[in-house]
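[1] Fold the following and give me the result.
(2 chains)
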Amino acid sequence: MSQKKSFPWVRTIASWFCALLIFFPLLWLGLTAFKTEGQAIAAQLFFTPTLDSFVEVQKRSDYTHYAFNSLITSVVSTVLGLMIAAPAAYSMAFFRTKKTRDILMWMLSTKMMPAVGALVPVYVMAQTTGMLDSLPALIIVFTLSNLPIMVWMLYSAFKEVPNDILEAVRLDGANVWDEFRHAILPLTVGGIASTGLLCLVLAWNEAFWSLNLTSAHAGTLAALIAQYSSPEGLFWAKLSAASLLAIAPIIVFGWFSQKQLVQGLTFGAVK
Amino acid sequence: MSFLQLKKVIKEFGPVRTIKGVDLEIERGEFIVFVGPSGCGKSTLLRLIAGLESVTNGSISLDGRDITNLPSSKRDLAMVFQSYALYPHMTVFDNMSFALKLAKVDPAVRKEKVDRAAKILNLTNYLERTPKELSGGQRQRVAIGRAIVRAPKVFLFDEPLSNLDAALRGQTRVEIANLHRSLGATTIYVTHDQIEAMTLADRVVVLRDGLIEQVGTPLELYDRPANQFVAQFIGMPQMNVVAAGVLPEIGRLAGTRGAADGFIGVRPEGVRVHGPGNGAIKGKVELVESLGSDTLIYTNVGAPNPLVARQSERTTLHAGDAVGIDVDAAALHFFDKQGRAIRAAA
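    Below you'll find the predicted structure:
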């Protein structure tokens, strides 16, 4: 450890600069939401805060309706995804075959395709089954698009469970379900929670499919925001107010669960 | 029919045959120890009995029932793992009562059984702790307790003492022996430590390269090893073995027993070291190990390996001293060219 830490203040300034760079749009969004449309366009830094935009957004569109849709789609798709991904990850982690690695890679590869590539077929399927602008359509799409990540995260979490413990449970008379419930679940609850949290956030923030498959009825908060970046003209203050309303719940949620999220994302990276 | 019976058991991992056809019969209440060098297949054999690995060929039956293809959970066996494999999220009480809980045993009965086992193992004050709050020795006892509580048909131990320090190992060994005496449960115990094998076993199974070399009581193995491998594997320090031609002084004895082109073995306690001029064999001291109760004298007699003598008296000899050596003719073992023991005609 002879390496000297030179210019610690350079690092401090650099990290503050990066942090501000990332945070600035969010800050600007927050400020603009409390301005009038005139102040918003003038890009004023000093102004008297007003709630007019929020009132206007609530009057023009039903915030709770969209928020409810966002909540339902993200929660249900996450729960559904966990129920499908857990058995898949279980079999891959504990009953490995030569092809396990390939299957995992193949699953991940589906995430490398741009979503728009599948837009037409998915749209046509939704249309022919009469599921356009419906919550089930969004839930199915969210579940499927998050599955690869869920399987990967659960797989890394399950792999941390010592084999001896599973064998001990089996010798103690446990069937597969007992084994999962009494050994794997309690030992990987952190990993499962992180997986769930991440997918909840991803589903909440999802915009592409929400915008393309829904309109008024099943629209999520992403659709609400989009209403305010309309061709009739830009309404910066209202757009910001709507955006702030849309992201506020997930930011608060993310703040409280950030420890879990970070732990889940770095699972298996340490040690 | 024996309580536990293995018939021509073979286990292959891919192209590698780890267990090459094992036949073994174990009686109810016996304490059997599998011993052998690492990689000999002793742990694999135990795992086959436990159902943690599937048998490639052959059959295993327990208490009159074929269990070859039965899952572990249905075999009614309990295993103590080298790593203890305690459930880290459960208290000691929950660890010990888990199998009973799965079997839907009444909570009052559960508690009674755990309390009884805890008392035997001195764990009564630790029942509410979690495994990470226990010392290594205590964890080991919890693992044993978990097995006792279930009263299984067979106890399986997979090198249970190798993670303990020497003092604790000796102490726990005595506890396991006492426990077996009081419970009388059929036990299979895997170890690479021959002291454990000799002190615990009713019968020892010596394995090498996936095959049984010999099965017998500890003293049978010591006194009448079936071959050179068993002879040298059992006993510490190991038996001196020399080619019959190397030491003409005792080599002529080999001729009378049909081992003229084979090997002669003698345990260290059958070798006596005298002052120079005495004894049939001339040699030189290479090393003296004074262990207090025993003294080991390594002598160079012109053979590839030193001839080791063990005596209870202390010695004033030093490395380099010339000595005379006698070998107790009655304590000699003879092996043919392939290393198989040649028994005296009775």
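
[2] got the residues of the stretch 151-271 of chain A near chain B?
    A:162, A:164-165, A:167-175, A:178, A:182-183, A:186-187 (C-beta under 8 Å from any C-beta of the partner chain). C-beta coordinates here come from the backbone N, C-alpha and C atoms, glycine included.

[3] Now restrict the residues you listed to buried residues only.
    A:164-165, A:167-174, A:178, A:182-183, A:187 (16 or more other C-beta atoms under 10 Å in any protein chain shown).

[4] Out of these, the closest to A:Leu20 would be?
    A:Leu187 (40.4 Å; C-beta to C-beta).

[5] what about the residue of the stretch 1-150 of chain A at minimum distance from chain B, distance to B:Tyr222?
    Nearest to chain B in the stretch 1-150 of chain A, going by C-beta to the nearest C-beta, is A:Lys98, at a distance of 10.5 Å. Separation of A:Lys98 from B:Tyr222 (C-beta to C-beta, to the nearest Å): 47 Å.

[6] The two: which has the busier surroundings?
    The neighbour comparison of A:Lys98 against B:Tyr222 (other C-beta atoms under 10 Å in any protein chain shown) goes to B:Tyr222, with 18 against 6.

[7] what sits against the more buried one?
    B:198, B:234-235 (C-beta atoms under 8 Å, 6 or more residues apart in numbering or on different chains).

[8] Any chance of TSV for those residues, columns secondary structure?
    Below are the contacts of B:Tyr222 laid out as TSV (DSSP: H, G, I helix; E, B strand; the rest coil):
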residue	secondary structure
B:Met198	helix
B:Ile234	coil
B:Gly235	coil
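
[9] need the helices for chain B, in chain order.
    Here chain B has its helices, by DSSP state H, at B:42-50, B:92-102, B:107-120, B:136-150, B:166-183, B:194-200, B:218-223, B:228-233, B:248-256.

[10] so what does the second one touch, helix or strand wise?
    Applying 3 or more C-beta pairs under 8 Å, 6 or more residues apart in numbering or on different chains; DSSP states H and E, one finds that helix B:92-102 makes contact with helix B:107-120, helix B:136-150.

[11] Can you give the distance of it from its chain's centre?
    Here the centre of helix B:92-102 is set off from its chain's centre by 30 Å, with C-alpha atoms, centre = their mean, to the nearest Å.

[12] list the buried ones in it?
    Buried, per 16+ other C-beta under 10 Å, within helix B:92-102: B:92-100, B:102.

[13] residues from the stretch 1-150 of chain B in reach of chain A?
    Counting by C-beta under 8 Å from any C-beta, the residues of the stretch 1-150 of chain B near chain A are B:50-52, B:71-75, B:77-79, B:81, B:83, B:85-89, B:98-99, B:102-103, B:146, B:150.

[14] Among those, name the buried ones.
    B:50-52, B:72-73, B:75, B:77-79, B:81, B:83, B:85-87, B:89, B:98-99, B:102, B:146, B:150.

[15] Closest one of the buried ones among the residues of the stretch 151-271 of chain A next to chain B to B:Thr316?
    When those are compared against B:Thr316 (criterion: C-beta to C-beta), the nearest one is A:Asp164, at 52.0 Å.

[16] and the closest one, what helix or strand is that in?
    helix A:163-171 (DSSP states H and E).

[17] List the contacts of the helix or strand just after that helix.
    Downstream of helix A:163-171, the next assigned helix or strand under DSSP H and E is helix A:176-179. The contact list for helix A:176-179, computed with C-beta under 8 Å, 6+ apart, reads A:166, A:169-170, B:102.

[18] Give me the below-cutoff pLDDT ranges for chain B.
    For chain B, residues meeting the criterion pLDDT under 70 lie at B:344-346.

[19] can you do 50?
    Regions of chain B meeting the criterion pLDDT under 50 cover residues B:346.

[20] and if you look at the stretch 151-271 of chain A?
    A:268-271.

[21] Could you count how many residues lie near residue 23?
    I went with chain A, as the question did not name one. Neighbours of A:Phe23 (other C-beta under 10 Å): 11.

[22] that answer is for a different chain, and I need it for chain B
    12.

[23] Determine the angle, from 0 to 180 degrees, between the helix holding A:Asp164 and helix B:136-150.
    Put simply, helix A:163-171 runs at 20 degrees to helix B:136-150, going by axes from the mean of the first three to the mean of the last three C-alpha atoms, to 10 degrees.

[24] Give me the distance from helix A:163-171 to the chain's centre.
    So, by C-alpha atoms, centre = their mean, the centroid of helix A:163-171 is 35 Å from its chain's centroid.

[25] residue farthest from the centroid of chain B?
    B:Gly277 (41.0 Å; C-alpha atoms, centre = their mean).

[26] tell me the centre residue of chain B?
    Among the residues of chain B, the one closest to the centroid is B:Ala197, at 2.9 Å (C-alpha atoms, centre = their mean).

[27] Correct me if wrong: that one contacts B:Val205.
    No. Using C-beta atoms under 8 Å, B:Ala197 makes no contact with B:Val205, being 9.1 Å away.

[28] Find residues that contact each of those two.
    Counting by C-beta under 8 Å, 6+ apart, the residues touching both B:Ala197 and B:Val205 are B:33, B:35.

[29] What helix or strand is A:Thr32 located in?
    Assigned by DSSP H and E, A:Thr32 falls in helix A:8-33.

[30] What helices and strands are in contact with the host helix or strand of A:Ile149?
    If you go by DSSP H and E, A:Ile149 is part of helix A:135-159. For helix A:135-159, the packing partners by 3+ C-beta pairs under 8 Å, 6+ apart come out as helix A:63-94, helix A:100-109, helix A:185-205, helix A:208-213.

[31] Show me what counts as buried in the longest one.
    Judged by neighbour count using 16+ other C-beta under 10 Å, the buried positions of helix A:63-94 are A:63, A:66-67, A:69-71, A:73-74, A:76-78, A:80-82, A:85-86, A:88-90, A:92-93.

[32] Show me what that helix packs onto, helices and strands only.
    Using 3+ C-beta pairs under 8 Å, 6+ apart, helix A:63-94 sits against helix A:100-109, helix A:135-159, helix A:185-205, helix A:221-227, helix A:236-256.

[33] for that helix, what is the average pLDDT?
    Mean pLDDT, computed over helix A:63-94, is 94.

[34] and that helix, how far from the chain's centre?
    Here the centre of helix A:63-94 is set off from its chain's centre by 11 Å, with C-alpha atoms, centre = their mean.

[35] That one versus helix A:100-109: what angle between them?
    Using the same axes, to 10 degrees: helix A:63-94 against helix A:100-109 is 160 degrees.

[36] by how many degrees do helix A:63-94 and helix A:185-205 diverge?
    140 degrees.

[37] Let me know the angle separating helix A:63-94 from helix A:135-159.
    40 degrees.

[38] Spell out for me which residue occupies the centre of chain A.
    Geometric middle of chain A (C-alpha atoms, centre = their mean) lands on A:Leu202, at 1.5 Å.

[39] A:Pro148 is in contact with that residue, correct?
    No. Counting by C-beta under 8 Å, A:Leu202 does not reach A:Pro148; the two are 11.5 Å apart.

[40] got the phi/psi numbers for B:Gly39?
    Reported as degrees, to the nearest 10, the phi and psi values for B:Gly39 are phi 90, psi 10.

[41] I'd like the distance between it and A:Leu198.
    44 Å.

[42] More neighbours: these two, which one.
    For B:Gly39 versus A:Leu198, neighbours defined as other C-beta under 10 Å are more numerous around A:Leu198 (21 against 13).

[43] Sounds good, over and out.
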